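1. Here is my input; please provide its structure:
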Amino acid sequence: MGETYTVNLPSYTIGPDAYQSLPYQMRRFGKRAVAIGGRTALEKARPYLEKALKMSDVTITDFIWYGGNATYENGEALIAQPAVQLADVVLAVGGGRACDMVKYVADRLDKPLMTLPTVASNCAAVTAVCVMYHADGSFFNYYYPKLAEHCFIQSDIIADSPEPLLWAGIGDALSKECEAAFSSMEDKLSHTPLLGRQISRICTEPLLEYGAEALASIRQHQASEALEQVTLDIIISTGIVSNLMTTPDSYYYNSTLAHCIYYGATATQNGHRHLHGEIVALGVLCLEWYAGHIEQGERLMQFNASVGLPVCFDDIEIEEDEFEGMADTFTQTREWKHRPQCVTRERLLKVMREVNAEGRRFKRQRDGLSER
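-> All right, here's what the predicted structure looks like:
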């Protein structure tokens with residue numbers, strides 16, 4: 001027998017009237033909520049919230065900007081606010097950093113948390129981890145809060161969010177299945193991570209099937225079935241996998257080589273010019289080539305090209321002479337620490353060069369240019 005542990009899985013509501021269920025979900029916790037999030041997110045969510053709560057006994061004591069980044073300094077400032085201290089429930093409104101910041105606040109105050117993501121770019125709304133930053137914007141550490149009581153995904157708000165964030169969210173979510181399978185392939189898994197790995201198997205296909213249509217929907221600011229399926233994939237499916245395959249101190253199967261490529265890119269001259277999920281999508285190709293899944297890698301390369309995600313390092317403005325510096329950075333990450341034993345620095349650098357060459361060849365063939 002092992003140690004005692006608890007697993008909490010997210011509950012959620014999605015649709016054009018998602019916020020209407022907020023009073024019901026709050027019924028056991030109290031009647032006063034404080035909404036904390038991004039400025040634009042609060043502006044977009046507020047009319048929907050006020051309409052949903054109009055005929056209820058739930059009130060929102062204040063709408064508060066989260067501070068612009070998930071830092072411990074911003075968290076303590078929020079905790080000190082009277083409207084936050086008096087609230088029965090804390091609402092996190094916005095994108096990943098806003099959700100992470102409010103998750104920290106609710107956890108420190110031991111108050112019920114509900115999340116209202118306004119973009120489909122990541123799974124922060126339903127995960128039990130916060131990515132925390134220094135005041136200068138650099139990465140600090142991970143904080144492990146409790147899970148949100150409920151997540152509300154208002155379709156119209158998602159449809160009105162910036163297209164690049166959904167685009168990058170698709171790129172990031174493409175990594176979930178291949179990273180979960182690859183990072184855990186050498187281990188005999190117990191029930192919880194095994195469940196996570198199995199759920200990860202449903203994360204790729206909806207993106208390939210609905211991704212292009214979802215991007216077309218968001219360009220038109222129109223909710224659609226395709227956009228809903230992609231939103232659920234990015235926020236819910238990948239979030240469940242993250243919760244099941246991540247622990248603070250023991251196993252970590254949530255991400256591996258694709259995210260190593262991202263962290264390495266942050267050490268390059270132009271890496272900061274590109275979105276997280278954009279770079280991860282290229283990292284997925286590197287992982288598939290490393291694993292020997294060339295057919296799947298070529299399939300994903302075709303998909304990337306069809307929606308404008310990168311297929312080679314040229315697309316993210318990284319030169320091959322920067323690869324060694326990337327390796328110096330990604331070998332310091334948690335992803336590298338928990339890598340399968342078969343992974344070596346030298347082999348990954350070789351694969352990066354192979355993918356770069358293959359992506360360049362793919363683009364030449366697509367554009368009808370000569371191989372000479």
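
2. Residue 106 contacts residue 147, correct?
-> No. In this structure, residue 106 is not within contact of residue 147 by CB atoms under 8 Å, at 10.3 Å. To be clear about C-beta, it is placed using only N, CA and C from the backbone, and glycine gets the same treatment.

3. Between these two, tell me which one has more neighbours.
-> Neighbour count, other CB atoms under 10 Å: between residue 106 and residue 147, residue 106 has more, with 28 against 22.

4. Identify the residues contacting the more buried one.
-> 90, 92, 112, 113, 145, 146 (CB atoms under 8 Å, 6 or more residues apart in numbering).

5. for the stretch 151-300 of the chain, which spans come out with low pLDDT?
-> Within the stretch 151-300 of the chain, no stretch has pLDDT under 70.

6. can you map out the helices along it?
-> Along the stretch 151-300 of the chain, the segments classed as helices by DSSP state H, counting those that start in this stretch run 155-159, 163-173, 175-183, 191-200, 205-219, 225-232, 238-245, 257-265, 276-290, 294-307.

7. list the buried ones in the first one?
-> So that's helix 155-159. Neighbour counts over helix 155-159 (16 or more other CB atoms under 10 Å) mark 155, 157, 158, 159 as buried.

8. Return the member of those residues nearest to residue 348.
-> residue 158 (35.4 Å; CB to CB).

9. Need the helices of the stretch 151-300 of the chain in CSV (columns: distance to residue 362).
-> Converted to CSV, these look like this (distance: least, CB to CB, whole Å):
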stretch, distance to residue 362
helix 155-159, 32
helix 163-173, 17
helix 175-183, 19
helix 191-200, 26
helix 205-219, 17
helix 225-232, 24
helix 238-245, 26
helix 257-265, 18
helix 276-290, 10
helix 294-307, 6
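
10. how about those, which one is nearest residue 8?
-> Using CB to CB, those put helix 238-245 closest to residue 8, at 7.3 Å.

11. now that closest one against helix 225-232, angle please.
-> Here helix 238-245 runs at an angle of 20 degrees relative to helix 225-232 (axes from the mean of the first three to the mean of the last three CA atoms, to 10 degrees).

12. send the alpha carbons of helix 238-245 over as CSV?
-> Once non-C-alpha atoms are left out, helix 238-245 reads as follows in CSV (Å, rounded to 0.1, in the frame of the first residue of the first chain):
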residue,chain,number,x,y,z
THR,A,238,-5.5,18.8,-21.3
GLY,A,239,-6.3,20.2,-17.8
ILE,A,240,-7.5,16.8,-16.6
VAL,A,241,-4.4,15.1,-17.9
SER,A,242,-2.2,17.7,-16.2
ASN,A,243,-3.9,17.1,-12.8
LEU,A,244,-3.6,13.3,-13.1
MET,A,245,0.0,13.3,-14.4
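
13. elements contacting that helix?
-> Using 3 or more CB pairs under 8 Å, 6 or more residues apart in numbering; DSSP states H and E, the elements in contact with helix 238-245 are helix 175-183, helix 191-200.

14. hmm, back to that, can you tell me which of the helices of the stretch 151-300 of the chain comes nearest to residue 355?
-> Smallest distance to residue 355 across the helices of the stretch 151-300 of the chain (CB to CB): 5.1 Å, for helix 276-290.

15. And the closest one, what does it pack against?
-> Packing contacts for helix 276-290, counted by 3+ CB pairs under 8 Å, 6+ apart, involve helix 163-173, helix 175-183, helix 257-265, helix 294-307, helix 345-366.

16. right, and these - which one's nearest residue 80?
-> Short answer: helix 163-173, nearest of the helices and strands packed on helix 276-290 by CB to CB, at 30.5 Å.

17. export that closest one as CSV, just CAs?
-> Provided in CSV are the C-alpha atoms of helix 163-173 (Å, rounded to 0.1, in the frame of the first residue of the first chain):
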residue,chain,number,x,y,z
GLU,A,163,-7.4,34.6,-32.6
PRO,A,164,-3.7,34.4,-31.9
LEU,A,165,-4.4,33.0,-28.4
LEU,A,166,-6.6,30.2,-29.7
TRP,A,167,-4.0,29.5,-32.4
ALA,A,168,-1.3,29.2,-29.8
GLY,A,169,-3.6,27.2,-27.6
ILE,A,170,-4.0,24.7,-30.3
GLY,A,171,-0.2,24.5,-30.7
ASP,A,172,0.2,23.9,-27.0
ALA,A,173,-2.6,21.3,-26.7
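
18. Now do it against helix 276-290, angle only.
-> Using the same axes, to 10 degrees: helix 163-173 against helix 276-290 is 30 degrees.

19. I figured residue 278 hits residue 311, correct?
-> No. Taking contacts as CB under 8 Å, residue 278 lies outside contact range of residue 311: 11.6 Å.

20. Can you select the buried ones among the contacts of residue 106 for me in ChimeraX?
-> Buried residues within those, by 16+ other CB under 10 Å, are selected in ChimeraX with:
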select :90,92,112,113,145
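
21. Out of the contacts of residue 106, which comes closest to residue 317?
-> Among the contacts of residue 106, residue 92 lies closest to residue 317 (CB to CB), at 33.5 Å.

22. Give the rounded mean pLDDT of the host helix or strand of the closest one.
-> Element membership for residue 92, per DSSP states H and E: strand 89-94. Here strand 89-94 scores 98 as its mean pLDDT.

23. Listing partners with orientation, what would you give for that strand?
-> strand 32-37 (parallel), strand 113-117 (parallel) (DSSP bridges).

24. Just give me how far the longest one sits from the chain centre.
-> For strand 32-37, the gap between its own C-alpha mean and the chain's C-alpha mean amounts to 22 Å (CA atoms, centre = their mean, to the nearest Å).

25. what's the following helix or strand after it?
-> Past strand 32-37, the next helix or strand by DSSP H and E is helix 39-53.

26. and the direction of that following helix versus that of strand 113-117, what angle?
-> Going by the same axes, to 10 degrees, helix 39-53 makes 110 degrees with strand 113-117.
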